[in-house]
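Undergrad: How does the following fold in three dimensions:
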Amino acid sequence: MPEHPNVALHRRGHEAFRNGDVEFLSGLFAEDTVWHWPGRSPVGGEFRGRDAVLALLAKFGEMVDSLEFVDEDFLASDTRTVSLSRIEATRGGKTLAYDLCEVVRWEDGKVAEEWALVDDQYAYDEFWS
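TA: Okay, the predicted model is just below:
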């Protein structure tokens, strides 16, 4: 069975993030996209608008030494995707392996809104702080 088009976009978004493909990411997000990213670290909070989300993604890139999506699964409908990812990251001598769940709402082939959850919020916040 072919992959759902929203899964293909979600998967390609992860690839673009890993590769620093800002051009693709700029086209992936709706102008008024909203991201709800967990926690109270410098990368946590609500981010409104494409520019704010792109700035957040750039901040991740600046702060991290390495970040790998080790394992990923996707679920999809015509309006939403869910990704379940295992991520391993290093930053300033610290390491973190965590499970991430992203729920994305799509409108016209663009990310309209995203919610994220991590398996250990305290460890996640400490890693990014």
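
Undergrad: Can you show me the strands along the chain?
TA: 29-37, 45-48, 66-76, 80-91, 94-107, 110-118 (DSSP state E).

Undergrad: closest to residue 15 out of these?
TA: Nearest of the strands of the chain to residue 15, taken as C-beta to C-beta: strand 66-76 at 8.9 Å. No exception for glycine: its C-beta is placed from N, CA and C like everyone else's.

Undergrad: Just checking: what are the partner strands of the closest one?
TA: Its sheet considered, strand 66-76 pairs with strand 80-91 (antiparallel) by DSSP bridges.

Undergrad: CA atoms only for the strand it pairs with, dumped as CSV, please.
TA: What follows is strand 80-91 as a C-alpha-only set of coordinates in CSV (Å, rounded to 0.1, in the frame of the first residue of the first chain):
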residue,chain,number,x,y,z
ARG,A,80,-3.6,14.7,10.8
THR,A,81,-0.4,12.7,11.1
VAL,A,82,1.2,11.3,14.2
SER,A,83,4.8,10.5,14.4
LEU,A,84,6.3,8.3,17.1
SER,A,85,10.1,8.8,17.2
ARG,A,86,13.0,7.7,19.2
ILE,A,87,15.6,10.5,19.3
GLU,A,88,19.2,10.5,20.5
ALA,A,89,20.9,13.9,21.0
THR,A,90,24.1,15.2,22.4
ARG,A,91,24.8,18.8,23.6
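
Undergrad: What residues of that strand count as buried?
TA: Buried residues in strand 80-91, defined by neighbour count with 16 or more other C-beta atoms under 10 Å: 81-83, 85, 87, 89.

Undergrad: now swap in stretch 30-45 and tell me
TA: 30, 33-35, 37-39, 41, 43-44.
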